[in-house]
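A.B. asks: Compute the structure for the input listed below.
(one chain, ligands or ions: 1)
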Amino acid sequence: MKRIHLFALSFVVTLGLILPLTLSSADDKKAAEGEAIYKKNCNMCHFPDKADKKLGPGLKDLFKNKELPQSHKPVTEAAVREQIEKGSKAMPAFGKKLSAGEIDSLIEYLKTL
Ligand code: HEC
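C.D. replies: Okay, here's the model as predicted:
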């Protein structure tokens, strides 16, 4: 009886350790994919590691700030997604170039900046 309990307990503990690891590595994987998408599509106009202006505003701390750097709209995932999909005056739209999944990964990466 005691042995079964011990077995069940160690099973639950192991699961509790492994589950968060696999979940966070799924996000990490998306962010890594997003970084590659960023380098190909965004890096020529935006610095990822400082707020200085290149062609567009630097995107460091994008999701840590309260306002978007240019439009001063509140920072939400929806607003960033809209900017990427539709572009703006001097920024091309990526809604047709990137898939919804690629934009998800890109946003996951932008959150790490
Ligand atoms: C050709 C240059 C160019 C490229 C490529 C580009 N951007 Fe931009 N981006 C800009 C400019 C310029 C602005 C400032 C707004 C304007 O003048 O249109 C901007 C603004 C932004 C903003 C701030 C919007 C706001 O409301 O303040 C975000 C976020 C952004 N870009 C993200 C991205 C991402 C992510 C990519 C890659 C998919 C990207 N940009 C690709 C030029 C570019």
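A.B. asks: list the helices and strands the lengthiest helix in the chain packs on?
C.D. replies: Counting residues, the longest helix found in the chain (DSSP state H) is helix 2-41. Identification of packing neighbours for helix 2-41 by 3 or more C-beta pairs under 8 Å, 6 or more residues apart in numbering; DSSP states H and E yields helix 100-110. Where C-beta positions appear, they are placed from N, C-alpha and C, glycine not excepted.
A.B. asks: got the buried residues for the helix it packs on?
C.D. replies: Neighbour-count burial for helix 100-110, counted by 16 or more other C-beta atoms under 10 Å, picks out 102-110.
A.B. asks: ok, and which of those reach the ligand?
C.D. replies: Intersecting the buried residues of helix 100-110 with the surroundings of the ligand, defined as C-beta under 6 Å from any ligand atom, gives residue 106.
A.B. asks: Let's have the buried residues of helix 100-110 in TSV, adding pLDDT.
C.D. replies: Shown next, in TSV, are the buried residues of helix 100-110 (pLDDT from 0 to 100):
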residue	pLDDT
102	97
103	98
104	96
105	97
106	98
107	97
108	96
109	97
110	98
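A.B. asks: Output the buried residues of helix 100-110 as TSV; include the columns distance to residue 73.
C.D. replies: Shown next, in TSV, are the buried residues of helix 100-110 (distance: C-beta to C-beta, whole Å):
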residue	distance to residue 73
102	23
103	18
104	20
105	22
106	18
107	15
108	20
109	20
110	15
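A.B. asks: between the buried residues of helix 100-110, which is nearest residue 54?
C.D. replies: In terms of C-beta to C-beta, no member of the buried residues of helix 100-110 lies closer to residue 54 than residue 110, at 15.5 Å.
A.B. asks: What count of nearby residues applies to the residue nearest to that closest one when sequence neighbours are not counted?
C.D. replies: On the basis of C-beta to C-beta, 6 or more residues apart in numbering, the spatially nearest residue to residue 110 that is not a chain neighbour turns out to be residue 62, at 5.4 Å. If you count neighbours by other C-beta atoms under 10 Å, residue 62 ends up with 20.
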